[in-house]
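Chemist: make a model of this:
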Amino acid sequence: MINRKALEFYQIRRIWEDIYELLEQLLFDEQEEQDRVETIRHLEGELRKIDGG
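Modeler: You can find the predicted model right below:
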């Protein structure tokens with residue numbers, strides 16, 4: 001049986017880790033314009049998950 005609270009915690013923590021990684025890419029990696037646009041698109045998607053939609 002899966003502990004729902006533990007699963008929810010893990011999923012939320014994973015979203016925050018992904019957001020952190022994407023921000024690091026934007027701040028410190030030298031990206032081509034198209035890669036930067038794609039990173040921002042992914043970041044927006046992760047932020048929408050936190051916002052609930």
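Chemist: does Gln11 count as helix, strand or coil?
Modeler: helix (DSSP: H, G, I helix; E, B strand; the rest coil).
Chemist: pLDDT score for it?
Modeler: We have a pLDDT of 95 for Gln11.
Chemist: for it, which residues are in contact?
Modeler: By C-beta atoms under 8 Å, 6 or more residues apart in numbering, the contact set of Gln11 is empty. Bear in mind the C-beta positions are built from the backbone N, C-alpha and C, glycine included.
Chemist: roughly how far does it sit from Glu38?
Modeler: Note on Gln11: its distance to Glu38, by C-beta to C-beta, to the nearest Å, is 23 Å.
Chemist: in the helix or strand that contains Leu47, what counts as buried?
Modeler: Assessed by DSSP states H and E, Leu47 sits inside helix 33-51. For helix 33-51, burial by neighbour count (16 or more other C-beta atoms under 10 Å) applies to 39, 43, 46.
Chemist: okay, the residues you listed in CSV with pLDDT next?
Modeler: Output for the buried residues of helix 33-51, formatted as CSV (pLDDT from 0 to 100):
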residue, pLDDT
Thr39, 98
Leu43, 98
Glu46, 97
